[in-house]
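Peer 1: using only what follows, build the 3D model:
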Amino acid sequence: MLNASCVRLVCQSWEKLSPTPTEGVALGKQFYTNLFKLDPSLQEMFRGSMTEQNLRFIHIMDTIVNAIDKVDALVAVVERLGVRHVGYGVQEEDYIVFGNALLTTIEQGLGDDCTPEIIDAWSVTYKTLADLMKKGAEAASSVV
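Peer 2: Below you'll find the predicted structure:
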């Protein structure tokens, strides 16, 4: 689960990564570059404007990071995100690729400021959130 140190590291590093909207868009673009490099087939899921997708990515990341110290409040939001991703065709293995792309993007964005502790904090955070998304996705799939 997310402890206070983990939350602090994620919040502090996110402030460095995305302090302005322009830098946020660049971060989103870097994330999708990393994602598609890891698995080019995932590009098929993104049919709209990638600029808009970059903005959506940053918006959801901001929402999550700003509420990360209240995981209970995030549960419903993140589970609904998992439900939506079922409709996009996201599979179980895609969560691993997404997580790897996210960690790579964080490492690239922080550069020399990136530490093993920060990567560990983001890894724990991502696993917690991905598990919630998968729970939402499973619930949606069992209804169909």
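Peer 1: contacts for the lowest-mean-pLDDT helix or strand in the chain?
Peer 2: Across the helices and strands of the chain, mean confidence by mean pLDDT, DSSP states H and E is lowest for helix 71-88: a mean of 82. The contact list for helix 71-88, computed with C-beta atoms under 8 Å, 6 or more residues apart in numbering, reads 1-2, 45, 60, 63-64, 67-68, 128-129, 132-137, 139-141. C-beta here means a position set from N, CA and C on the backbone, and glycine is covered the same way.
Peer 1: show me what the helix or strand where Ser123 lies is packed against.
Peer 2: Using DSSP states H and E, Ser123 sits in helix 116-143. Applying 3 or more C-beta pairs under 8 Å, 6 or more residues apart in numbering; DSSP states H and E, we find helix 116-143 packed against helix 4-17, helix 71-88, helix 92-110.
Peer 1: which among the ones you listed is found nearest to Ile118?
Peer 2: helix 4-17 (5.1 Å; C-beta to C-beta).
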